[in-house]
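# Here is a sequence together with a model predicted from it:
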Amino acid sequence: MRIKGWAITGAMVFGLYWAAGSFGLQSLVQSAIQADTSSKAQDVALQLSPLRFSTRVDGYENQIDDLTTFVAASAEVSIPTYAPNRARIEMLGPVQIVGPAWTIKVSADDLSIGGSVQITRNGDLGRFDLSGLNVVIVTPDTEAETIEMHLSPSGADVYDLDLSLTNFTLPTKLTDIILATNGFGSFDPTHQLPETVSAFSINGAVKFDPAPALFGNTDPLIAGVDFAPLTLTWGEIDLTIDGLIDILPDGTPSGQLDVTLKGWETVLRMLAANGAIKPANLMGYQAMASGLASDDGSITLPLIFADGQMRLAAFTLGPAPKLR
């Protein structure tokens, strides 16, 4: 009888805890949307789940700026009953970013966004996770078989970063714009590379200034990135980047990255085809690269950022890009 009594009491206490948490979450989400004059939702409803506090939001819109709006068809906000400082958002439909004359639409079989908030004065970001299967982005047109991202605090304003994508396509408009800005033509006019990038990953860390926070008064800026490493497999190209760069207050990078490349023959042919190097100089570049290649056919060179400039080994590449 005593055990049965404790069981009943425990069930009642958990039921009260679940009810308080569930209705509290629903009220919190409603209040947050109502308090933000740039946000609105068609409906905020309680969801029944015994191990989670859960609320469904339908028809959510948020005005990012004067010209851009974020739109989510439906999403579920949930918090595990055993970890009340950890929240997760499951996107139950497509997500859109609507501009004055364009719309970016993101859909996936399973698009999940989750995170936790540390118990600090500003509610610093704890862990952030994002994952999706068969992700499709329309305008710019791109897609990925899988995407997965994990960001977790590891020190003062430093977060470990793991990001991976498989079988994804680069937006053609993006690559063409980048090259056009530098005075070149199409990114790959002779189709040296396949349309699909097999794999891309980053393992390393990001330093923010200040740390991302729920109640922070200033937007976090990236102050440094540790690539340990970044890898890319694209057709015959295998690229590895390893090293640490700091982002200076003016946005320019400072530091050194070790770049290892296999498939440099393909890269040189592509650069000659799009005008980045003169076709007449192609054989000279090929001979020089062959002399630098190791036994496995790879070339490793330092990419150096200093004094607002960047160079690859002894070759000056020009001004370093502004990263913020």
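Received the coordinates, thanks. Numbers count the residues shown, from 1 in each chain.
# where do the helices sit along the stretch 1-150 of the chain?
With DSSP state H, counting those that start in this stretch, the ranges of helices along the stretch 1-150 of the chain come out as 2-35.
# check contacts around residue 80.
Listed by Cβ atoms under 8 Å, 6 or more residues apart in numbering, the contact set of residue 80 reads 51, 52, 86. From N, CA and C alone the C-beta is placed, and that goes for glycine too.
# Can you tell me which of these are buried?
Among those, the ones that count as buried by 16 or more other Cβ atoms under 10 Å are 52, 86.
# In a markdown table: the contacts of residue 80, plus pLDDT.
Formatted as a markdown table, the contacts of residue 80 follow (pLDDT from 0 to 100):
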| residue | pLDDT |
| --- | --- |
| 51 | 83 |
| 52 | 86 |
| 86 | 76 |
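# so which of the contacts of residue 80 would you say is closest to residue 67?
Closest to residue 67 out of those is residue 86 (33.9 Å), distances taken as Cβ to Cβ.
# ok, now how distant is that closest one from residue 116?
For residue 86, the distance to residue 116 (Cβ to Cβ, to the nearest Å) stands at 4 Å.
# overlap in contacts of these two?
Joint contacts of residue 86 and residue 116 (Cβ under 8 Å, 6+ apart) are 126, 127.
# that older thread, which one of the contacts of residue 80 sits closest to residue 228?
For those, the nearest to residue 228 is residue 86 (26.1 Å; Cβ to Cβ).
# quick one: that closest one and residue 114 touch, right?
Yes: Residue 86 lies in contact with residue 114 (Cβ atoms under 8 Å); the separation is 7.4 Å.
# just the helices in the stretch 151-300 of the chain please.
Listed in chain order, the helices of the stretch 151-300 of the chain (DSSP H, counting those that start in this stretch) span 172-181, 264-274, 282-292.
# Least confident of those helices, on average?
Mean pLDDT is lowest for helix 172-181 among those, at a mean of 54.
# so how many other residues sit close to residue 162?
Neighbourhood size, residue 162 [other Cβ atoms under 10 Å]: 15.
# For residue 64, grab phi and psi.
phi -70, psi -50 (degrees, to the nearest 10).
# what sits against it?
70, 97.
# What are the buried residues along stretch 106-114?
Here stretch 106-114 shows 106, 107, 108, 111, 112, 113, 114 as buried, counting by 16+ other Cβ under 10 Å.
# Out of those, flag the one nearest to residue 225.
residue 113 (22.0 Å).
# surely that closest one meets residue 132?
No: applying Cβ under 8 Å, one finds residue 113 not in contact with residue 132, separated by 9.2 Å.
# which regions of the stretch 1-150 of the chain lie under the pLDDT threshold?
1-11, 13-15, 17, 117-123, 139-140 (pLDDT under 70).
# ok, now the stretch 151-300 of the chain?
Scanning the stretch 151-300 of the chain for pLDDT under 70 picks out 172-186, 214-217.
# Apply 80 and report the result again.
Flagging of the stretch 151-300 of the chain using pLDDT under 80 yields the residue ranges 155-156, 170-189, 211-219, 274-276.
# For residue 86 and residue 114, list the residues in contact with both.
residue 127.
# Residue 265: what's its closest spatial neighbour, skipping adjacent residues?
Nearest residue to residue 265, sequence neighbours excluded (Cβ to Cβ, 6 or more residues apart in numbering): residue 286, at 7.0 Å.
# What number of residues are in the vicinity of the one you found?
Number of residues near residue 286 (other Cβ under 10 Å) recorded here: 15.
# Residue 158 too?
Residues lying near residue 158 (other Cβ under 10 Å) number 16.
# which residues touch stretch 294-304?
238, 241, 243, 256-262, 264, 289, 292-293, 310-313.
# residues contacting the residue nearest to residue 273 when sequence neighbours are not counted?
Counting by Cβ to Cβ, 6+ apart, residue 190 is the residue found nearest to residue 273 once chain neighbours are left out, at 4.4 Å. Residue 190 makes contacts with 269, 270, 273, as judged by Cβ under 8 Å, 6+ apart.
# Would you quantify the distance from residue 190 to residue 299?
22 Å.
# Same check on residue 220?
Distance of residue 220 to residue 299, given as Cβ to Cβ: 36 Å.
# Equivalent analysis for residue 261, please.
Note on residue 261: its distance to residue 299, by Cβ to Cβ, is 5 Å.
# cool, residue 201 as well?
Taking Cβ to Cβ, one finds residue 201 at 21 Å from residue 299.
# neighbour count winner among those two?
Legend: neighbour count by other Cβ under 10 Å for residue 201 and residue 299, higher for residue 299 (19 against 15).
# Roughly how far does the more buried one sit from residue 104?
Taking Cβ to Cβ as the measure, residue 299 falls 37 Å from residue 104.
# again with residue 191
Taken as Cβ to Cβ, the span from residue 191 to residue 104 is 26 Å.
# do residue 220 as well
Going from residue 220 to residue 104 by Cβ to Cβ gives 23 Å.
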